[in-house]
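Peer 1: Give me a model of this one.
(one chain, ligands or ions: 1)
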Amino acid sequence: MTTSYQPDGMSPLDVRDVTVRFAGLTALDGVSFAVAPGTVHAVIGPNGAGKSTFFNVLSGVYQATSGSVRFGDTELTALPPHRVAALGVARTFQNIALSRHLPVLDNLMLGRHRLTRAGFVSSGLRLPWARREWSRHRERVIEIADFVGLADRLATPVGLLPYGVQKRVELARALCMEPRLLLLDEPVAGMNGGERLDMAELIIAVRESLGISILLVEHDMGMVMRLADRVTVLDFGRRIADGTPEEVQADPQVIRAYLGASADQEDM
Ligand SMILES: Nc1ncnc2c1ncn2[C@@H]1O[C@H](COP(=O)(O)OP(=O)(O)OP(=O)(O)O)[C@@H](O)[C@H]1O
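Peer 2: Numbers count the residues shown, from 1 in each chain. As a prediction, this is how the structure comes out:
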């Protein structure tokens, strides 16, 4: 399971030998793995393992010290965040990054911005073509809101919604970018049990109905085991395992590094 990396030639994402160093600290150390199209791939590991650093490299926020990340035919590592987004890589954040005072609909329309011709948000809808474009995008946004179960919340300011519903709005906003790859950073953090199950169902629906590949960083192991087709495990910046949830769960190195760490914490 932890044998050296073999490119399969058809992955939407090929990560090869990615290393990230910050002034003397190696946050990622030669990490390689592949995300197969239309799958949910989880990246897990104890605190400080390098998961967020990896997401930041993928979305263009950090530059890798060395290595390559190919999305289809495109090398992502040298691109700034807006260019990565333009290729169809959308991201949600650990902490909700929405405009709390704006209604759900407006937040979702902002997610559409990169797909517009001249930016209807800034053009103020003065021109007829801008109005037509706005209507077309609004229709699609309403479809997406319906898909994620937000159709009756479109006029509500985001800040007034329960936390679990706000996380749903964030996912919907990412979908409004019509991504090919969705990066979900701890999508159920801070949620109660019912909200977690709802979010798990929604993530499965996104994969099955929309065929979008999903890369997931998540601490909730139950969630990872339920959702992921494949799991990559990091520890101190190194890949220590890569396989199906069952394979990874049974891997002694993973038990020691990750599950062992949480068992220690429970004992404390
Ligand atoms: N901008 C930065 N400058 C310096 N060190 C950093 C920076 N970002 C991350 N690190 C360090 O890199 C290592 C990996 O951190 P990272 O946040 O990627 O881990 P993580 O697996 O996401 O952890 P957590 O589960 O706690 O979010 C840590 O030692 C962290 O302190």
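
Peer 1: On the C-terminal side of the strand or helix carrying V231, identify the next helix or strand.
Peer 2: Following DSSP states H and E, one finds V231 within strand 230-235. Once strand 230-235 ends, the next helix or strand along the chain (criterion: DSSP H and E) is strand 238-243.

Peer 1: Does the next helix or strand after that next one pack against any helices or strands, and if so which?
Peer 2: Next helix or strand after strand 238-243 toward the C-terminus (DSSP H and E): helix 245-250. If you count contacts as 3 or more C-beta pairs under 8 Å, 6 or more residues apart in numbering; DSSP states H and E, helix 245-250 packs onto helix 221-227, strand 230-235, strand 238-243. Where you see a C-beta, it was placed from the backbone N, CA and C, and this is true even at glycine.

Peer 1: Buried residues, helix 245-250. List them.
Peer 2: By neighbour count with 16 or more other C-beta atoms under 10 Å, helix 245-250 contains the buried residues 245, 248-249.

Peer 1: which one of the residues you listed is nearest the ligand?
Peer 2: Nearest to the ligand, judged by C-beta to the nearest ligand atom, of these is V248 at 15.9 Å.

Peer 1: which residue packs closest to the closest one, ignoring adjacent ones?
Peer 2: Nearest residue to V248, sequence neighbours excluded (C-beta to C-beta, 6 or more residues apart in numbering): V231, at 4.5 Å.

Peer 1: and that neighbour, what pLDDT?
Peer 2: Here, the pLDDT recorded for V231 equals 96.

Peer 1: What residues does it make contact with?
Peer 2: Contacts for V231 (C-beta atoms under 8 Å, 6 or more residues apart in numbering) come out as 41-44, 224, 241-245, 248.

Peer 1: Please list which of the residues you listed also come close to the ligand.
Peer 2: Among those, none lies close to the ligand by the criterion of C-beta under 6 Å from any ligand atom.

Peer 1: Apply the buried test to the residues you listed and list what passes.
Peer 2: So, by 16+ other C-beta under 10 Å, the buried ones in the contacts of V231 are 41-44, 224, 241-243, 245, 248.

Peer 1: Kindly report the residues of this structure close to the ligand.
Peer 2: Within the chain, the positions near the ligand by C-beta under 6 Å from any ligand atom are 22, 25, 27, 45, 47-53.

Peer 1: From those, which land in strands?
Peer 2: Among those, the members found in strands (DSSP state E) are 22, 25, 27.

Peer 1: need the buried ones among the contacts of V231 in CSV with pLDDT, can you?
Peer 2: As requested, those are exported to CSV (pLDDT from 0 to 100):
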residue, pLDDT
H41, 96
A42, 96
V43, 95
I44, 93
V224, 92
A241, 95
D242, 96
G243, 96
P245, 94
V248, 92
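
Peer 1: contacts for the helix or strand hosting V206?
Peer 2: In this structure, V206 sits in helix 193-210 according to DSSP H and E. Contact with helix 193-210 is made by 38-40, 147-149, 162-164, 167-168, 171, 175, 182, 184, 187-188, 191, 212-214, 216, 220, 223, 226-227, as judged by C-beta under 8 Å, 6+ apart.

Peer 1: how far is it from where the chain is centred?
Peer 2: Put simply, helix 193-210 sits 13 Å off its chain's centre (C-alpha atoms, centre = their mean, to the nearest Å).

Peer 1: Which of the residues in it are classified as buried?
Peer 2: For helix 193-210, a neighbour-count test (16+ other C-beta under 10 Å) marks 195-196, 198-200, 202-203, 206-207, 210 as buried.

Peer 1: shouldn't P46 be in contact with R238?
Peer 2: No: P46 is not in contact with R238 according to C-beta atoms under 8 Å; the separation is 12.0 Å.

Peer 1: quick revisit: closest to S68 out of the buried residues of helix 245-250?
Peer 2: V248 (24.2 Å; C-beta to C-beta).
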